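Chemist: this is a predicted model, with the sequence first.
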Amino acid sequence: ELGKLREELELEIAERGRTEDRVKDLERQLRIAKAAAKRKPSPRPKRFGVASLAPYAKEQELPPKVPSPKNSKGVWLPALRALPPQPAKEDRLAAQAEAAAARQACLSVDSQTLSRKSRS
């Protein structure tokens, strides 16, 4: 039993030594960190009217895309008045041909009057 107690005592002494070494190491790291903090220059005081360049330091990211609604909630209203019926396709084509012929005749008459005026 005495040997067992001695072994436990030796283990406790070794553990205490490791703990002391760990504490010393942590205290050393703390001193180094404090010294580094003292060496850092103090930030400049803010000047009135001078903006920081932080918004321009990096490229702005695009805004998130807004998903379009799946179902359209648009309302279709009825027409206020009824549209007149469209003339038949043959009638329309005949009217367009007549209008084109009239324009052509008008242009040819104008060119004839211009040629007469240029002679005199």
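Modeler: Cool, got the structure. As the structure is a prediction and not an experimental result, all values here were calculated from the model. Numbering: from 1, shown residues only.
Chemist: from here on, just use CA atoms for contacts and neighbour counts.
Modeler: Fine.
Chemist: hey, where'd the helices end up in the chain?
Modeler: 2-39, 54-57, 89-119 (DSSP state H).
Chemist: make JSON lines from the ones you listed and add mean neighbour count and mean pLDDT to it.
Modeler: What follows is these, written out as JSON lines (neighbours: other C-alpha atoms under 10 Å; pLDDT from 0 to 100):
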{"stretch": "helix 2-39", "mean neighbour count": "11", "mean pLDDT": "93"}
{"stretch": "helix 54-57", "mean neighbour count": "8", "mean pLDDT": "69"}
{"stretch": "helix 89-119", "mean neighbour count": "11", "mean pLDDT": "80"}
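Chemist: can you redo those as a markdown table with distance to residue 75?
Modeler: Shown next, in a markdown table, are the helices of the chain (distance: least, C-alpha to C-alpha, whole Å):
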| stretch | distance to residue 75 |
| --- | --- |
| helix 2-39 | 67 |
| helix 54-57 | 43 |
| helix 89-119 | 33 |
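Chemist: to residue 48, which of those helices lies closest?
Modeler: Comparing these against residue 48 with C-alpha to C-alpha, the closest turns out to be helix 54-57 (16.3 Å).
Chemist: still on that earlier bit, so for residue 76, which of the helices of the chain sits nearest?
Modeler: Counting by C-alpha to C-alpha, residue 76 lies closest to helix 89-119 out of the helices of the chain; the figure is 29.0 Å.
Chemist: give me the neighbour count for residue 47.
Modeler: Applying other C-alpha atoms under 10 Å, we find 8 residues neighbouring residue 47.
Chemist: from residue 104, how far off is it?
Modeler: 78 Å (C-alpha to C-alpha, to the nearest Å).
Chemist: ok so, going back, closest one to residue 69 among the helices of the chain?
Modeler: helix 54-57 (32.9 Å).
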